[in-house]
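**Q** need a structure here:
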Amino acid sequence: MGFGHRVYKAEDPRARHLREGVKNLSEEMGQPEWYQILEGVVDAIKPYPRRGIHVNVDFFAGVIYYLNGFPQDLFVPIFAVGRIPGWTIQVVEQLQHNILIRPLLQYTGEHNLEYVPISDRG
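**A** Take a look at the predicted model:
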């Protein structure tokens, strides 16, 4: 999340608007360091244009949520709500065409881990 896009092979044009929004909002909120941090990351990935690693709209979203006072535990739900229509249409299309899309990657992480409540995580 935050880098790359299937359609845009350069920087996502929508991200340009959010970049300006983060700059203005961080200055208004008296926290310009948030914009400076994001720009530092953008500068750090500039040497890798051939790999298609460019920022997308999600790159700026977390800081926008933060500067607008949204609790951090709502960042992922807000992200997901915006994608539910697209995810739903994908399921409908898969059902209509009677196809099952299998992932191309395999999970290689640890299994059978004990759940730790968020309040107990460090």
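
**Q** so where's the chain shaky on pLDDT?
**A** 1, 3-9, 52 (pLDDT under 70).

**Q** cutoff 50 now
**A** In the predicted model of the chain, no residue satisfies pLDDT under 50.

**Q** list the residues that contact the residue lying farthest from the centre of it.
**A** Going by C-alpha atoms, centre = their mean, the residue of the chain most distant from its centre is Asn98, 30.3 Å out. Neighbour list for Asn98: empty [criterion: C-beta atoms under 8 Å, 6 or more residues apart in numbering]. (Each C-beta comes from the backbone N, C-alpha and C, glycine too.)

**Q** what about it, which helix or strand?
**A** Using DSSP states H and E, Asn98 maps to neither a helix nor a strand.

**Q** end to end on stretch 57-77, go ahead and measure it.
**A** Stretch 57-77 has an end-to-end distance of 16 Å (C-alpha to C-alpha, to the nearest Å).

**Q** and that stretch, how far out from the chain middle?
**A** 10 Å (C-alpha atoms, centre = their mean, to the nearest Å).

**Q** give me the contact list for it.
**A** 1-3, 12, 14-15, 18-19, 21-22, 25-26, 29, 31, 34-35, 38, 41, 78-79, 118.

**Q** which of these count as buried?
**A** Using 16 or more other C-beta atoms under 10 Å as the burial test, the contacts of stretch 57-77 include 3, 12, 15, 18-19, 22, 25-26, 34-35, 38 as buried.

**Q** now do the helix or strand harbouring Asn24: everything it contacts.
**A** Assigned by DSSP H and E, Asn24 falls within helix 13-28. By C-beta under 8 Å, 6+ apart, the residues outside helix 13-28 that reach it are 32-35, 38, 54-57, 59-61, 63-64, 67-68.
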